[in-house]
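**Student:** Here's my sequence, what's the structure:
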Amino acid sequence: MKSLFQVLIMIITSGFIFSGCSSKWEINNPYENVDWENHSKYKANLHTHTTRSDGRMSPQKVVDSYHSLGYKILAITDHNEVTYPWTNFSEMLPGESAHERLERGDITSDELVFENRNPAEMEIFAIQGNEVSAPHHTGSYFSDYQQQPGDENIALGEIGKKNGLALLNHPGRYTARNPEKYNVSWYVDIFNSYDFLTGMEVYNQGDRYPHDRELWDKVLKKTMPGRNVWGYSNDDFHAGMERLGRNWNVFILPELNEEWIRIGMLEGRFFYVYAVNGHNGTEVPDIKSIEVNSKKATIEIVSSGQDSIRWISGSNIVGRGGRLSLSEIPELSGYVRAEIFGPESVTGTQPFGIRKAD
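**Tutor:** Residues are numbered from 1 along each chain as shown. Reported below is the predicted structural model:
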């Protein structure tokens, strides 16, 4: 007969064996620090133009238009021009393209008359920024850099020196025009080279470049779970009120200020939205909460307004519905992300880094 001590040893040992054979998951949750009950959601557009460059509306009209739609974060990103601060609009000059459009009759003279706006009074946060033609257009934020260097590495180096943040705009334009240079390896290398390069646009001007999500997944497959690349949806507004307010990002932050917006962009504390009919359409899906359980290897989304939810990893659909069980998926590509579809709209999460250790 085995002694009690021998039985205990067998139980403990078998427990270690069982534990050792069970799978362990590491899930990098970009929303880990979000308090879904107490933090607030802030609608943001980080890519828009005015008559300071090639837009067709004055800075104050652009600001007023986004303000009327409930936006709380706005970056005016004129080409190689920092249209900031808003309280100095009246001291700024229209761009050459604005004068050319006026001569052609494409715009009226009032679009070249600028009026100041006070973001504090409007309760909207104005981000200093511009779109650097590098030649890959790059969104520059919290920086006054506004040169046109002709080289992406020079531009990003200068933005970094000024403690700025950046993202790559509409990559589909460049993968189509110059696929030999702007291939997956180029994007992987540049993201690995600059930690303040936070991500790329995956929706731009509606869905102008639908292959950008495919590129995003290919990049994520190479960089995740070690290097996060966040996805953005931005209007890239130039003209036409029907094109304003179709794309936005929703930041979930404890406070609306520069520090927390920076943290949000770096940590991925936001989801992106594309609505075909903009604010004239139906309500878009809204994420209420996301719960990650590493022990159970599950990610669960609670949302409203959706018709369906699907999970993507490496360009493959790996799950459907609000709850994803990683242990049921035979092959993952270092990450998963969710797309939540509503009537003519989609809300997307940032990628969750996934690492399995046996």
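
**Student:** And the strands in the stretch 251-358 of the chain?
**Tutor:** 270-275, 286-293, 298-304, 308-313, 316-320, 323-325, 335-342, 345-348, 352-357 (DSSP state E, counting those that start in this stretch).

**Student:** oh, I was asking about the stretch 101-250 of the chain
**Tutor:** Remark: strands assigned in the stretch 101-250 of the chain by DSSP E, counting those that start in this stretch are 125-127, 129-132, 138-141, 165-168, 197-204, 230-234, 247-253.

**Student:** The ones you listed into JSON lines, with extra columns for mean neighbour count?
**Tutor:** C-beta here means a position set from N, CA and C on the backbone, and glycine is covered the same way. JSON lines is the format used below for those (neighbours: other CB atoms under 10 Å):
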{"stretch": "strand 125-127", "mean neighbour count": "22"}
{"stretch": "strand 129-132", "mean neighbour count": "27"}
{"stretch": "strand 138-141", "mean neighbour count": "25"}
{"stretch": "strand 165-168", "mean neighbour count": "24"}
{"stretch": "strand 197-204", "mean neighbour count": "25"}
{"stretch": "strand 230-234", "mean neighbour count": "26"}
{"stretch": "strand 247-253", "mean neighbour count": "24"}
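
**Student:** Okay, now the unreliable bits of the stretch 1-150 of the chain?
**Tutor:** For the stretch 1-150 of the chain, applying pLDDT under 70 flags the ranges 1-23.

**Student:** ok, now with 50
**Tutor:** For the stretch 1-150 of the chain, the stretches flagged by pLDDT under 50 are 1-22.

**Student:** Quickly list what the residue nearest in space to the middle of the chain is bridged to.
**Tutor:** The chain has Y232 as the residue nearest its centroid, 2.6 Å off, counting by CA atoms, centre = their mean. Beta bridges link Y232 to E201 when assigned by DSSP bridges.

**Student:** pretty sure it is in contact with W248, am I right?
**Tutor:** No: look at Y232 against W248 with CB atoms under 8 Å: they stay out of range, at 9.6 Å.

**Student:** Can you tell me the number of residues neighbouring K218?
**Tutor:** A count of nearby residues for K218, using other CB atoms under 10 Å, gives 18.

**Student:** just D106 next, same as before
**Tutor:** Quick note: D106 (other CB under 10 Å) scores 13 neighbours.

**Student:** Show me how the chain divides into domains.
**Tutor:** By the assignment in automatic domain parsing, the chain contains the domains 37-280, 282-352.

**Student:** With distance to I27 added, can I get these in a markdown table?
**Tutor:** Shown next, in a markdown table, are the domains of the chain (distance: least, CB to CB, whole Å):
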| stretch | distance to I27 |
| --- | --- |
| domain 37-280 | 9 |
| domain 282-352 | 5 |
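
**Student:** Show me the common contact partners of Y232 and W248, please.
**Tutor:** Y272 (CB atoms under 8 Å, 6 or more residues apart in numbering).

**Student:** about what we covered before: compile the strands of the stretch 101-250 of the chain into TSV and extend it with columns for distance to E180.
**Tutor:** Formatted as TSV, these follow (distance: least, CB to CB, whole Å):
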stretch	distance to E180
strand 125-127	34
strand 129-132	22
strand 138-141	20
strand 165-168	18
strand 197-204	19
strand 230-234	25
strand 247-253	29
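
**Student:** E214 is nearest to which of those?
**Tutor:** E214 sits nearest to strand 197-204 of all the strands of the stretch 101-250 of the chain, at 9.6 Å, using CB to CB.

**Student:** Distance from the chain centre to the closest one, please.
**Tutor:** Centroid separation between strand 197-204 and its chain, computed with CA atoms, centre = their mean, to the nearest Å, is 5 Å.

**Student:** could you give the angle of that strand to strand 270-275?
**Tutor:** Put simply, strand 197-204 runs at 20 degrees to strand 270-275, going by axes from the mean of the first three to the mean of the last three CA atoms, to 10 degrees.

**Student:** is E131 in a bridge, and if so with what?
**Tutor:** What pairs with E131, by the bridge criterion (DSSP bridges), is H79, G139.

**Student:** Quick check: the gap between F251 and R310.
**Tutor:** Applying CB to CB, to the nearest Å, the value for F251 to R310 is 24 Å.

**Student:** Equivalent analysis for E121, please.
**Tutor:** Separation of E121 from R310 (CB to CB): 42 Å.

**Student:** which of these two has more neighbours?
**Tutor:** For E121 and R310, the more surrounded residue by other CB under 10 Å is R310, and the numbers stand at 15 against 8.

**Student:** Next up, the contacts around the more buried one.
**Tutor:** By CB under 8 Å, 6+ apart, the residues touching R310 are 317, 319-320, 338-339, 341.

**Student:** S294 is in contact with A357, correct?
**Tutor:** No: applying CB under 8 Å, one finds A357 not in contact with S294, separated by 11.1 Å.
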